[in-house]
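S.K.: whatever this is, show me its structure:
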Amino acid sequence: MVEAFSYLIFLPRKAGGGHKVINLNASRSKRKNPEKDLESQRPGPESKPPFFRILEAVWLLTFAFLILAPEMLSAASLSEKTAASLITVNYSNSLFLLPICPEPQKKPATSPLHLRIQEFLVKKVGLEPIDKLEQELKPLVNTEALDLYLFYYWLRGQPLEGLCLSRLQLRLSPADPILLNNAAAFLYAAGEQKLASEALAEARAILPDNAVILSNSGVVNYLLGQPGGARKYFLKAVSLDNHQPEANRALHLMKLQESPAERFTPYLKNSLSGAYRESLARLVENPPIPLAFQQEIYSAWPDLPEDFESYYRQTPYYQSAFLRMEGKEVELRENFEKLLAAGLSFPETEFSVAGGLALSSARAYMYLTELEGKLDYLEREIESPADMKLSEIVARANSQLETLWKDYQKKEKACLRLPREERIECIKKAQEEYCLRYRQQSEYFYQSCRKVVLSFLRQADPYLKDFVGRFYFWLRYLPEEPRTRKKLEAELRLWRLYQRLWEKSFLLLTRLPPPAFKDCLPPLPLEPETSAEPIISLYDPSSGISIDYEDPKLTFRFRPDRVIFAAFPPLPELSPVGKPFMSTVHLYPPETSGGRPLYLVLEADGKLSDIGELGPWAYTGLSTATSWRILLNLSLPESLKEASRFP
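M.R.: Prediction:
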């Protein structure tokens with residue numbers, strides 16, 4: 001490529017005129033004989049002496065540099081050869097060739113993330129408010145509860161304040177991936193997706209296999225107009241955590257955009273299994289409950305041996321079980337009566353209303369009513385027919401054994417009419433025949449009863465386990481008073497139903513007439529051969545959620561049905577209080593606190609949709625010994641209009 005040069009040619013002043021300046025832009029290939037061109041412009045005999053021409057040339061050279069310096073700096077396309085070329089001065093002709101040869105510009109180094117965040121904040125609200133806020137927030141930096149203060153601002157819908165506090169901490173901990181992720185979440189909430197993307201890129205470089213950071217990267221990429229890149233991040237997130245709620249929800253929404261007719265996808269179920277979100281659960285008739293509330297319901301069923309004689313020997317076992325169940329029923333009934341007599345009081349209620357979020361679901365009452373209806377169905381359509389069949393079997397057994405006894409009495413009278421030496425043998429045979437027939441009849445009716453009881457147990461077991469597994473999950477959404485009342489009523493009802501299952505198993509022993517002769521059946525053991533432990537696990541998986549934090553400025557309380565937070569005096573603010581942003585928040589208490597990590601689900605309208613314990617797959621390596629940590633997991637908006645409240 002031909003290199004181009006720009007020259008300024010200064011011609012000496014002629015008589016009666018000024019200096020003539022010519023600007024030539026020509027390539028070397030076009031200037032075949034530049035000296036010939038210059039020769040035609042040599043001064044005549046009327047020119048000034050050489051000394052004055054030299055002074056004049058120096059002055060003009062200085063003036064030319066002053067005028068052409070900006071142009072020389074902006075011409076970055078010139079080669080090093082041109083930049084190194086010399087200025088040629090021809091004193092004999094008073095001609096100066098000045099090549100424009102600027103130095104190549106250097107790219108400015110990228111400023112640290114916290115400085116770029118500061119620039120964004122200053123543009124947003126001004127320098128003076130930011131400086132004032134940072135001065136007030138500085139005492140919170142590098143404290144054990146820093147993330148709780150960030151969580152406070154997140155729950156109050158104040159991203160600028162949270163971003164300012166995150167920035168102060170980033171100056172000291174620029175390589176903290178959790179802090180970078182949370183700063184990205186605040187940037188997203190403040191409407192700055194580009195900076196959020198850069199913060200997440202730094203977080204991924206440090207912690208590449210964190211499903212939450214990958215999911216957030218997908219959300220930000222989607223809003224930046226890169227759905228393909230977003231999908232890759234979401235897919236990688238669910239490959240690391242199959243029940244990652246936000247990544248699965250995002251993939252479900254993207255699938256619906258591609259195929260509107262496909263209303264149900266595996267991503268929908270996986271998302272709800274990770275965390276319950278009311279807005280997503282409405283798409284499913286029977287949504288799965290989160291893994292945190294799925295429990296293995298333990299229930300001890302009565303022992304029903306294969307044969308009647310073994311069943312008969314279990315009499316002490318059933319007697320012991322019956323006494324235990326009666327004691328449990330009395331305990332539950334007394335607790336319920338005491339609660340009603342003492343009244344229901346909840347000291348945290350007023351405080352939580354003033355500052356906090358309670359679980360909210362418009363579908364909880366519907367699902368609880370549905371569960372109670374299933375118990376009604378179990379009692380009406382399954383238990384009642386089973387009771388009728390058992391009563392019929394027991395009645396026929398009693399009738400048959402009564403007939404058997406009458407037949408024996410007839411034979412005994414006939415034996416008494418025999419000669420004395422034959423009577424004893426005749427009566428003995430009659431007794432043996434009676435015992436044999438008694439055992440046969442008892443075996444027959446026992447097998448009939450056993451079949452009915454086992455069938456009922458098989459049908460009742462899934463109803464009971466489904467009720468227990470779902471009941472405690474939906475119960476949390478009720479207000480305090482009806483929740484406590486319904487909990488005790490349901491547990492008492494469940495226990496009575498469970499008790500009736502056991503009663504059916506030894507109904508035949510209590511209703512069947514004993515044999516007329518003791519030798520007909522083997523003697524009963526004095527103690528049960530096996531320990532009777534009638535029990536069904538009535539356990540609320542959320543009952544262990546009770547985590548508190550309190551310092552002179554901030555209070556947090558986490559309960560199964562709410563999160564309570566307040567600051568006294570109020571923390572510094574830049575913007576009015578808003579609603580929490582749609583997200584899932586992971587909370588990691590210090591290991592020394594004894595609390596387990598939690599997740600909280602926030603809806604688009606600011607309501608708390610779910611709170612539960614994180615499984616071990618979701619928090620490996622993130623808990624610390626003494627510090628509180630949070631991990632903000634952004635939700636993909638259903639439309640781009642919902643991307644941010646801070647455009």
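S.K.: for the rest of this, base every contact and every neighbour count on C-alpha atoms.
M.R.: Fine.
S.K.: may I ask you to name the longest helix in this protein?
M.R.: The residue-count maximum for a helix in the chain (DSSP state H) belongs to helix 420-475.
S.K.: so how far is it off the chain centroid?
M.R.: Centroid separation between helix 420-475 and its chain, computed with Cα atoms, centre = their mean, to the nearest Å, is 50 Å.
S.K.: which strands and helices sit next to that helix?
M.R.: helix 308-313, helix 364-377, helix 384-416, helix 480-505 (3 or more Cα pairs under 8 Å, 6 or more residues apart in numbering; DSSP states H and E).
S.K.: quick one: which of these is nearest residue 473?
M.R.: Among these, the nearest to residue 473 by Cα to Cα is helix 364-377 (9.0 Å).
S.K.: return the set of buried residues in the closest one.
M.R.: By 16 or more other Cα atoms under 10 Å, the buried positions in helix 364-377 come out as 364, 367-368, 371, 374-375.
S.K.: that one to helix 480-505, inter-axis angle?
M.R.: Using axes from the mean of the first three to the mean of the last three Cα atoms, to 10 degrees, the inter-axis angle of helix 364-377 relative to helix 480-505 is 20 degrees.
S.K.: report the inter-axis angle for helix 364-377 versus helix 384-416.
M.R.: Using the same axes, to 10 degrees: helix 364-377 against helix 384-416 is 20 degrees.
S.K.: dump the helices and strands packed on helix 420-475 into JSON lines; add mean pLDDT and distance to residue 575 as well.
M.R.: JSON lines is the format used below for the helices and strands packed on helix 420-475 (pLDDT from 0 to 100; distance: least, Cα to Cα, whole Å):
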{"stretch": "helix 308-313", "mean pLDDT": "90", "distance to residue 575": "75"}
{"stretch": "helix 364-377", "mean pLDDT": "93", "distance to residue 575": "35"}
{"stretch": "helix 384-416", "mean pLDDT": "94", "distance to residue 575": "63"}
{"stretch": "helix 480-505", "mean pLDDT": "89", "distance to residue 575": "33"}
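S.K.: tabulate those (a markdown table), appending distance to residue 157.
M.R.: As requested, these are exported to a markdown table (distance: least, Cα to Cα, whole Å):
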| stretch | distance to residue 157 |
| --- | --- |
| helix 308-313 | 66 |
| helix 364-377 | 26 |
| helix 384-416 | 55 |
| helix 480-505 | 27 |
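S.K.: quick revisit: which of the buried residues of helix 364-377 lies closest to residue 468?
M.R.: residue 371 (9.3 Å).
S.K.: ok, the closest one touching residue 468?
M.R.: No - look at residue 371 against residue 468 with Cα atoms under 8 Å: they stay out of range, at 9.3 Å.
S.K.: circling back to that earlier point, do you know which of the helices and strands packed on helix 420-475 lies nearest residue 203?
M.R.: Nearest of the helices and strands packed on helix 420-475 (Cα to Cα): helix 364-377, 38.4 Å.
S.K.: residue 568: what's it in contact with?
M.R.: 552-554 (Cα atoms under 8 Å, 6 or more residues apart in numbering).
S.K.: the same query, at a cut-off of 10 Å, please.
M.R.: Applying Cα atoms under 10 Å, 6 or more residues apart in numbering to residue 568 gives the contacts 551-555.
S.K.: report the two of those residues separated the most.
M.R.: With Cα to Cα as the measure, no two of the contacts of residue 568 lie farther apart than 552 and 555, at 8.2 Å.
S.K.: please enumerate the shared neighbours of those two.
M.R.: By Cα under 10 Å, 6+ apart, the residues touching both residue 552 and residue 555 are 567-568.
S.K.: quick one: which of those two has more around it?
M.R.: residue 555 (18 against 8; other Cα atoms under 10 Å).
S.K.: give me the element that one is part of.
M.R.: Using DSSP states H and E, residue 555 sits within strand 554-559.
S.K.: low-scoring pLDDT stretches of the chain, where are they?
M.R.: Judged against pLDDT under 70, the low-scoring parts of the chain cover residues 1-109, 260-262, 339-354, 617-621, 640-647.
S.K.: can you give me the helices in the stretch 251-400 of the chain?
M.R.: For the stretch 251-400 of the chain, the helices defined by DSSP state H, counting those that start in this stretch occupy 266-274, 278-281, 308-313, 315-342, 349-354, 364-377, 384-416.
S.K.: which other helices and strands contact the last one?
M.R.: Read it as helix 384-416. Packed against helix 384-416, as judged by 3 or more Cα pairs under 10 Å, 6 or more residues apart in numbering; DSSP states H and E, are the following elements: helix 420-475, helix 480-505, helix 507-511.
S.K.: list the buried residues of stretch 600-614.
M.R.: 600-603, 606-614.
S.K.: what is the nearest of those to residue 204?
M.R.: Looking across those and measuring by Cα to Cα, the closest to residue 204 is residue 614, at 22.0 Å.
S.K.: verify the contact between that closest one and residue 598 for me.
M.R.: Yes - assessed by Cα atoms under 10 Å, residue 614 is found in contact with residue 598 at 5.1 Å.
S.K.: what residues are shared contacts of these two?
M.R.: 292, 586-588.
S.K.: of those, closest to residue 519?
M.R.: residue 292 (56.6 Å).
S.K.: just checking, the closest one touches residue 612?
M.R.: Yes - the pair residue 292 and residue 612 passes the contact test of Cα under 10 Å, sitting 6.2 Å apart.
S.K.: report the set of residues contacting both of the two.
M.R.: Going by Cα under 10 Å, 6+ apart, residues that sit against residue 292 and also against residue 612 are 275, 473, 541-542, 598-599.
S.K.: now tabulate these in CSV and tack on distance to residue 167.
M.R.: Output for the shared contacts of residue 292 and residue 612, formatted as CSV (distance: Cα to Cα, whole Å):
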residue, distance to residue 167
275, 30
473, 39
541, 38
542, 35
598, 25
599, 25
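S.K.: most packed of the helices of the stretch 251-400 of the chain?
M.R.: Mean neighbours per residue, mean count of other Cα atoms under 10 Å, is largest over these for helix 266-274, with a mean of 22.
S.K.: taking the shared contacts of residue 614 and residue 598 one by one, which sit in strands?
M.R.: Applying DSSP state E to the shared contacts of residue 614 and residue 598, the entries found in strands are 586-588.
S.K.: before we move on, back to that, buried ones among the shared contacts of residue 614 and residue 598?
M.R.: 292, 586-588.
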